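**Q** have a look at this prediction, sequence included:
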Amino acid sequence: MTTSPSLNDLRLQFAQAGQEHVFRFWEELSVSDQSKLLERASGIDLDEVNALVAEHIQGDVQDHDGFDNLEPAPYIALPEHGGDRVAWDAATECGEEALRAGRVAAFTVAGGQGTRLGYDGPKGTFPVTPVTEKTLFQVFAEKIARTAERYGKAIHWYILTSEINNDATVAAFAENAYFGLQKDEVHFIVQGLVPAVDREGKILLSDKSTITMTPDGHGGSLRALVRSGATAQMKALGIDCISYFQVDNPLVPCLDPAFVGFHLLGNSECSSKMIPKAYALEKVGHFCMQDGKMVVIEYSDLPAEKQQETLADGGLRFNAGSVAIHVFDRDFIDRVGGTGAEVKLPFHRADKKIPFVNAAGELIQPDGPNGVKFEMFVFDALPLAANPVIIEGARAENFSPVKNAEGVDSPKTCNEDQLRQFATWLKAAGVEIAGDDSGLPEVCFEISPRFAADQADFVSQWAGMDPKPEIADGVIIMG
Ligand code: UTP
């Protein structure tokens, strides 16, 4: 039996926090299980757990105040929707300058579990493109490589993983020679975990030696950047803009010059892209103003009447959907993600069905929600930021995530949206191809992200291409 002082200290700390049961099977455990439990327990921030239990379990916390004083958030509209073309051109120029100066890094959050897709492996290794079936990671890597080539400057790529998928993610990059990127320009960051508790606030065990831990949410990405030393590294590299996107969305422009430019010109600490909602009850967050602060209210929190409210012209009043595309200022991340930070992202409570080991050591499979997990949401950074900027993005150029195995936001819809985007780019370059009313082309082809990272890039690349390929099934435009 191990009785090191560190174990005694730890047990005492857990006892003082009302969590002594975590060690209740200690004497029955093998030496290796004891050391596993000890290592895990010593990594838990008990002050944080105490605060979460006090606030979310014992307290009566509501994630949001009333919605009476809610207003739609202002945003910078696209030129085709009344925005100022000159301002967009100036922003693009400013963003391009920042890319040429190496001030911008890409940041992908890929620490989620992707349970809805039901794919066995890190979601970034899921094949998505219509012809060559490139994986999500490869699509982003090629967009990043093309952008670096275009602006003549290396672009560092930070990828958030979790303990669950980090090894498999790193292995996928190694096996694929970093998808053509320089190994030392790709950085993996493992996100934090938080213990799950029961409805009395007691930490759950999934077996006698294992504390149930869950990832701290995409909002945990900010503190992971600080804790891992990534923001310090960025500072040394001269990077101060972090272009944030989710792993499941191959349409996203990983480094959008206009977006970066509006962020910099607006002296913003956190900028976001909105896309107009596809329909009133679309399951996206809503950009709103509340008590003078910019906030995102989840569809699940915003009353349906509000989501459906219309303006005199018939348009939706709360029309600005959040699609998890942001630009962060590095110092802001240090400010809200640092240890002991004065302002922090809040945790949200999610009640879940969590199998657990009871006091008798029996594994219980609950029928309904019995436990609570805690997660931070990245958009909660918005009200903490100075001068937040929101710009409009066109859905067709920004957003088609792979979330579900079938139906909406599935591999099929994403595949079709990629094809529509390729057809639109060709059209912008003066090539019309046959398709249906939704813009879906009749032929299945592909534009390599290594050839062009966005529409403007494609138009100029295509103009210089000689000979140009005939667009037919299976064709890959890659220069
Ligand atoms: P989702 O909310 O879609 O969650 O994450 P998920 O875990 O990927 O999928 P489901 O809900 O289990 O089906 C949105 C983005 O945030 C990342 C995900 O990897 C995805 O890019 N994320 C989510 C993290 O990086 N960490 C988390 O703890 C949660």
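**A** Sure thing, it's come through.
**Q** output the contacting helices and strands for the lengthiest strand in the chain.
**A** Identified as the longest strand of the chain according to DSSP state E is strand 320-329. Judged by 3 or more C-beta pairs under 8 Å, 6 or more residues apart in numbering; DSSP states H and E, strand 320-329 is in contact with strand 241-246, helix 257-265, strand 270-276, strand 285-290. The way it works is simple: take the backbone N, C-alpha and C, and place the C-beta from them, glycine included.
**Q** which parts of the chain sit against the ligand?
**A** Selection of the chain residues close to the ligand by C-beta under 6 Å from any ligand atom yields 109-116, 160, 191, 215, 217-218, 246-248, 403.
**Q** can you do 5 Å?
**A** Counting by C-beta under 5 Å from any ligand atom, the chain comes close to the ligand at 109-116, 160, 215, 217-218, 246-247.
**Q** in ChimeraX, select just the buried ones from the residues you listed.
**A** The buried residues among the residues of the chain next to the ligand can be selected in ChimeraX (16 or more other C-beta atoms under 10 Å) with this line:
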select :109,110,111,112,114,160,215,217,218,246,247
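**Q** low-confidence ranges, the protein, go.
**A** Low-confidence segments of the chain (pLDDT under 70): 1-5, 60-65.
**Q** do you know how far the most centrally placed residue in it is from residue 324?
**A** Central residue of the chain (C-alpha atoms, centre = their mean): residue 246, 3.6 Å from the mean position. Going from residue 246 to residue 324 by C-beta to C-beta, to the nearest Å gives 5 Å.
**Q** identify the contacts common to these two.
**A** Here residue 246 and residue 324 have 109, 218 as joint contacts, going by C-beta atoms under 8 Å, 6 or more residues apart in numbering.
**Q** so which strand or helix has the closest residue to the ligand within the stretch 351-479 of the chain?
**A** Residue of the stretch 351-479 of the chain nearest the ligand, by C-beta to the nearest ligand atom: residue 403 (5.7 Å). Using DSSP states H and E, residue 403 falls within no helix or strand.
**Q** what's around it, how many residues?
**A** Neighbourhood size, residue 403 [other C-beta atoms under 10 Å]: 20.
**Q** just to revisit the earlier point, list the beta-bridge partners for the residue nearest to the centre of the chain.
**A** Assessed by DSSP bridges, residue 246 has beta-bridge partners residue 109.
**Q** dump the residue contacts of it.
**A** 108, 109, 218, 252, 324, 401.
**Q** alpha carbons only: can I get stretch 456-473 in PDB?
**A** Provided in PDB are the C-alpha atoms of stretch 456-473 (Å, rounded to 0.1, in the frame of the first residue of the first chain):
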ATOM      1  CA  ALA A 456     -10.500  35.600 -55.700                       C
ATOM      2  CA  ASP A 457      -7.500  33.300 -55.600                       C
ATOM      3  CA  PHE A 458      -9.200  30.800 -57.900                       C
ATOM      4  CA  VAL A 459     -10.100  33.500 -60.500                       C
ATOM      5  CA  SER A 460      -6.600  34.700 -60.700                       C
ATOM      6  CA  GLN A 461      -5.100  31.200 -60.700                       C
ATOM      7  CA  TRP A 462      -7.500  30.000 -63.400                       C
ATOM      8  CA  ALA A 463      -6.700  33.000 -65.600                       C
ATOM      9  CA  GLY A 464      -3.000  32.000 -65.600                       C
ATOM     10  CA  MET A 465      -3.700  28.300 -66.300                       C
ATOM     11  CA  ASP A 466      -2.800  27.000 -69.700                       C
ATOM     12  CA  PRO A 467      -4.100  24.700 -70.900                       C
ATOM     13  CA  LYS A 468      -7.300  24.700 -68.900                       C
ATOM     14  CA  PRO A 469      -9.000  21.400 -68.200                       C
ATOM     15  CA  GLU A 470     -12.400  20.500 -69.500                       C
ATOM     16  CA  ILE A 471     -14.700  20.200 -66.500                       C
ATOM     17  CA  ALA A 472     -15.900  16.600 -66.400                       C
ATOM     18  CA  ASP A 473     -16.600  13.800 -63.900                       C
END
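**Q** can you list contacts of stretch 466-479?
**A** Stretch 466-479 has contacts (C-beta under 8 Å, 6+ apart) with 131-132, 422, 426, 431, 433, 441, 443-448, 450-451, 461-462, 465.
**Q** which among these count as buried?
**A** Buried by 16+ other C-beta under 10 Å: 131, 422, 426, 441, 443, 445-448, 450-451, 461-462, out of the contacts of stretch 466-479.
**Q** just the ones in strands from those, please.
**A** Reading strands off those with DSSP E, I get 446, 447.
**Q** and what about the closest residue to residue 265 other than its chain neighbours, helix, strand or coil?
**A** Residue nearest to residue 265 in three dimensions, not counting chain neighbours: residue 94, with 5.5 Å by C-beta to C-beta, 6 or more residues apart in numbering. On the three-state scheme (DSSP: H, G, I helix; E, B strand; the rest coil), residue 94 is labelled helix.
**Q** cool, and residue 115?
**A** coil.
**Q** ok, it to residue 164 distance?
**A** Separation of residue 115 from residue 164 (C-beta to C-beta): 11 Å.
**Q** for residue 177, same thing?
**A** The gap separating residue 177 from residue 164 is 24 Å, by C-beta to C-beta.
**Q** show me the helices in the stretch 351-479 of the chain, by range?
**A** Residue ranges of the helices in the stretch 351-479 of the chain, as given by DSSP state H, counting those that start in this stretch, are 395-398, 411-428, 455-463.
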